[in-house]
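Peer 1: I would like to see how this sequence folds:
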Amino acid sequence: MKIADLSQNAHAHFYATYIKTLKEDETLMGAMSQGQKNMVHFMNHLPQDKLHHTYAMGKWTVAEVLLHIIDSERVFQYRALRFGRGDKTELPGFDQDAYVLQSGAQTRCGEELLEEYRAVRQASLTLFTSFTHEQLSRTGTASGLPWSVGALGFVISGHQRHHLNILKERYL
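Peer 2: Residues are numbered from 1 along each chain as shown. Have a look, this model is predicted:
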(Lines give C-alpha, C1' and ligand atoms only; values in the text may rest on other atoms or scores of the structure.)
Protein backbone atom coordinates (compact mmCIF):
# COMPACT_ATOMS: atom_id res chain seq x y z
CA MET A 1 0.00 0.00 0.00
CA LYS A 2 1.14 3.54 -0.81
CA ILE A 3 -0.11 6.86 0.55
CA ALA A 4 -1.91 7.49 -2.76
CA ASP A 5 -4.00 4.36 -2.07
CA LEU A 6 -5.60 5.99 0.98
CA SER A 7 -9.13 7.30 0.51
CA GLN A 8 -9.92 10.94 1.30
CA ASN A 9 -11.70 9.87 4.51
CA ALA A 10 -8.89 7.58 5.70
CA HIS A 11 -7.79 9.93 8.48
CA ALA A 12 -8.62 13.25 10.10
CA HIS A 13 -6.98 16.37 8.67
CA PHE A 14 -4.81 16.89 11.77
CA TYR A 15 -2.94 13.63 11.11
CA ALA A 16 -2.00 14.68 7.58
CA THR A 17 0.89 16.54 9.26
CA TYR A 18 2.46 13.18 10.09
CA ILE A 19 1.67 11.51 6.77
CA LYS A 20 3.22 14.46 4.90
CA THR A 21 6.60 13.66 6.49
CA LEU A 22 6.62 10.52 4.31
CA LYS A 23 7.48 10.35 0.61
CA GLU A 24 4.51 9.89 -1.73
CA ASP A 25 6.02 6.75 -3.25
CA GLU A 26 6.89 5.09 0.08
CA THR A 27 5.05 1.90 0.81
CA LEU A 28 3.53 1.29 4.20
CA MET A 29 5.92 -1.54 5.04
CA GLY A 30 8.88 0.33 3.57
CA ALA A 31 8.14 3.38 5.73
CA MET A 32 7.83 1.21 8.84
CA SER A 33 11.05 -0.68 8.11
CA GLN A 34 13.01 2.47 7.28
CA GLY A 35 11.59 4.17 10.37
CA GLN A 36 12.91 1.32 12.50
CA LYS A 37 16.39 1.67 11.00
CA ASN A 38 16.31 5.44 11.53
CA MET A 39 15.27 5.14 15.18
CA VAL A 40 17.84 2.46 15.97
CA HIS A 41 20.55 4.60 14.35
CA PHE A 42 19.43 7.66 16.32
CA MET A 43 19.39 5.78 19.63
CA ASN A 44 22.75 4.13 18.99
CA HIS A 45 24.32 7.56 18.39
CA LEU A 46 22.51 9.48 21.13
CA PRO A 47 24.94 10.63 23.82
CA GLN A 48 23.74 9.14 27.13
CA ASP A 49 23.81 12.58 28.79
CA LYS A 50 21.18 13.80 26.28
CA LEU A 51 18.56 11.15 27.15
CA HIS A 52 17.08 13.12 30.04
CA HIS A 53 17.69 16.52 28.45
CA THR A 54 15.03 18.98 27.33
CA TYR A 55 15.59 21.98 25.08
CA ALA A 56 13.26 24.29 27.05
CA MET A 57 11.39 24.46 30.35
CA GLY A 58 8.14 22.51 30.21
CA LYS A 59 9.14 20.44 27.17
CA TRP A 60 9.51 16.67 27.21
CA THR A 61 12.92 15.07 27.64
CA VAL A 62 14.33 12.89 24.87
CA ALA A 63 13.35 9.81 26.91
CA GLU A 64 9.80 11.12 27.28
CA VAL A 65 9.54 11.76 23.54
CA LEU A 66 10.76 8.23 22.84
CA LEU A 67 8.22 6.72 25.24
CA HIS A 68 5.52 8.91 23.67
CA ILE A 69 6.40 7.43 20.27
CA ILE A 70 6.27 3.91 21.72
CA ASP A 71 2.97 4.48 23.58
CA SER A 72 1.33 6.10 20.56
CA GLU A 73 2.41 3.24 18.31
CA ARG A 74 0.82 0.76 20.71
CA VAL A 75 -2.44 2.70 20.70
CA PHE A 76 -2.46 2.94 16.89
CA GLN A 77 -1.66 -0.80 16.60
CA TYR A 78 -4.62 -1.63 18.80
CA ARG A 79 -6.92 0.54 16.74
CA ALA A 80 -5.64 -1.04 13.52
CA LEU A 81 -6.18 -4.54 14.91
CA ARG A 82 -9.75 -3.75 15.95
CA PHE A 83 -10.69 -2.07 12.67
CA GLY A 84 -8.82 -4.64 10.58
CA ARG A 85 -10.87 -7.39 12.18
CA GLY A 86 -14.08 -5.55 11.29
CA ASP A 87 -14.84 -4.22 14.78
CA LYS A 88 -17.07 -1.16 14.41
CA THR A 89 -16.97 -0.16 18.08
CA GLU A 90 -16.02 3.49 18.44
CA LEU A 91 -12.75 3.69 20.36
CA PRO A 92 -11.83 6.39 22.87
CA GLY A 93 -8.86 8.72 22.61
CA PHE A 94 -5.93 8.90 24.99
CA ASP A 95 -4.26 11.77 26.80
CA GLN A 96 -0.65 11.78 25.61
CA ASP A 97 0.44 14.21 28.33
CA ALA A 98 -1.00 12.00 31.09
CA TYR A 99 0.75 8.99 29.56
CA VAL A 100 4.09 10.81 29.55
CA LEU A 101 3.66 11.84 33.20
CA GLN A 102 3.10 8.19 34.13
CA SER A 103 5.79 6.76 31.83
CA GLY A 104 8.66 6.66 34.32
CA ALA A 105 10.93 7.99 31.58
CA GLN A 106 13.26 9.61 34.11
CA THR A 107 14.26 6.18 35.41
CA ARG A 108 14.84 4.54 32.03
CA CYS A 109 18.13 4.11 30.19
CA GLY A 110 18.66 4.26 26.45
CA GLU A 111 19.23 0.52 26.09
CA GLU A 112 15.89 -0.28 27.76
CA LEU A 113 14.05 2.23 25.59
CA LEU A 114 15.63 0.86 22.42
CA GLU A 115 14.72 -2.71 23.39
CA GLU A 116 11.11 -1.69 24.03
CA TYR A 117 10.98 0.31 20.80
CA ARG A 118 12.27 -2.64 18.77
CA ALA A 119 9.66 -4.98 20.28
CA VAL A 120 6.81 -2.56 19.59
CA ARG A 121 7.95 -1.83 16.03
CA GLN A 122 8.40 -5.54 15.31
CA ALA A 123 4.83 -6.07 16.49
CA SER A 124 3.68 -3.33 14.09
CA LEU A 125 5.59 -4.87 11.20
CA THR A 126 4.11 -8.28 11.92
CA LEU A 127 0.58 -6.94 12.35
CA PHE A 128 0.52 -4.76 9.24
CA THR A 129 2.17 -7.48 7.12
CA SER A 130 -0.71 -9.78 8.09
CA PHE A 131 -3.40 -7.43 6.79
CA THR A 132 -4.89 -8.02 3.36
CA HIS A 133 -5.57 -5.11 1.02
CA GLU A 134 -9.23 -5.30 2.05
CA GLN A 135 -8.34 -5.14 5.75
CA LEU A 136 -6.03 -2.14 5.19
CA SER A 137 -9.01 -0.34 3.63
CA ARG A 138 -11.39 -1.06 6.51
CA THR A 139 -12.42 1.90 8.62
CA GLY A 140 -13.44 2.74 12.13
CA THR A 141 -13.74 5.64 14.54
CA ALA A 142 -11.30 6.53 17.31
CA SER A 143 -11.18 9.77 19.31
CA GLY A 144 -14.31 10.76 17.39
CA LEU A 145 -12.31 10.72 14.14
CA PRO A 146 -12.47 8.47 11.07
CA TRP A 147 -9.56 6.13 10.39
CA SER A 148 -8.62 3.43 7.93
CA VAL A 149 -6.27 0.64 8.96
CA GLY A 150 -3.75 1.70 6.31
CA ALA A 151 -3.85 5.31 7.49
CA LEU A 152 -3.07 4.16 11.03
CA GLY A 153 0.04 2.43 9.70
CA PHE A 154 1.19 5.51 7.82
CA VAL A 155 0.51 7.68 10.87
CA ILE A 156 2.65 5.35 13.00
CA SER A 157 5.53 5.92 10.59
CA GLY A 158 4.92 9.63 10.05
CA HIS A 159 4.42 10.34 13.75
CA GLN A 160 7.78 8.78 14.53
CA ARG A 161 9.48 10.66 11.69
CA HIS A 162 7.92 13.94 12.88
CA HIS A 163 9.25 13.48 16.41
CA LEU A 164 12.62 12.19 15.27
CA ASN A 165 13.04 15.35 13.16
CA ILE A 166 12.23 17.47 16.22
CA LEU A 167 14.68 15.51 18.37
CA LYS A 168 17.45 16.04 15.83
CA GLU A 169 16.67 19.75 15.36
CA ARG A 170 16.04 20.87 18.94
CA TYR A 171 17.73 18.40 21.25
CA LEU A 172 21.06 17.57 19.61
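
Peer 1: now the host helix or strand of residue 69, how far from the chain's geometric center?
Peer 2: Element membership for residue 69 (DSSP states H and E) is helix 62-84. Remark: helix 62-84 is offset 5 Å from the chain centroid, using C-alpha atoms, centre = their mean, to the nearest Å.

Peer 1: Counting neighbours, show which residues of that helix come out buried.
Peer 2: Buried residues in helix 62-84, counted by 16 or more other C-beta atoms under 10 Å: 62-77, 79-84. Any C-beta I mention is one placed from the backbone N, CA and C, and that applies to glycine too.

Peer 1: what's the next secondary structure element after it?
Peer 2: Using DSSP H and E, the helix or strand that follows helix 62-84 in sequence is helix 96-101.

Peer 1: Can you give me the neighbour number for residue 25?
Peer 2: 9 (other C-beta atoms under 10 Å).

Peer 1: what does the one 4 residues further on give?
Peer 2: The number of residues packed near residue 29 is 15, by other C-beta under 10 Å.

Peer 1: likewise residue 89?
Peer 2: Neighbour count for residue 89, taken as other C-beta under 10 Å: 9.

Peer 1: what's near enough to touch the residue lying closest to it once chain neighbours are set aside?
Peer 2: Among residues not flanking residue 89 along the chain, residue 82 sits closest, at 6.9 Å (C-beta to C-beta, 6 or more residues apart in numbering). Each residue near residue 82 by C-beta atoms under 8 Å, 6 or more residues apart in numbering is listed here: 89, 91, 140.

Peer 1: with the residues you listed in mind, which one is nearest to residue 113?
Peer 2: Proximity of the contacts of residue 82 to residue 113 was ranked by C-beta to C-beta; the top entry is residue 91 with 26.4 Å.

Peer 1: Against residue 70, how distant is that closest one?
Peer 2: As for residue 91, its distance to residue 70 is 19 Å (criterion: C-beta to C-beta, to the nearest Å).

Peer 1: now residue 106: how far from residue 54?
Peer 2: Taking C-beta to C-beta as the criterion, residue 106 is separated from residue 54 by 11 Å.
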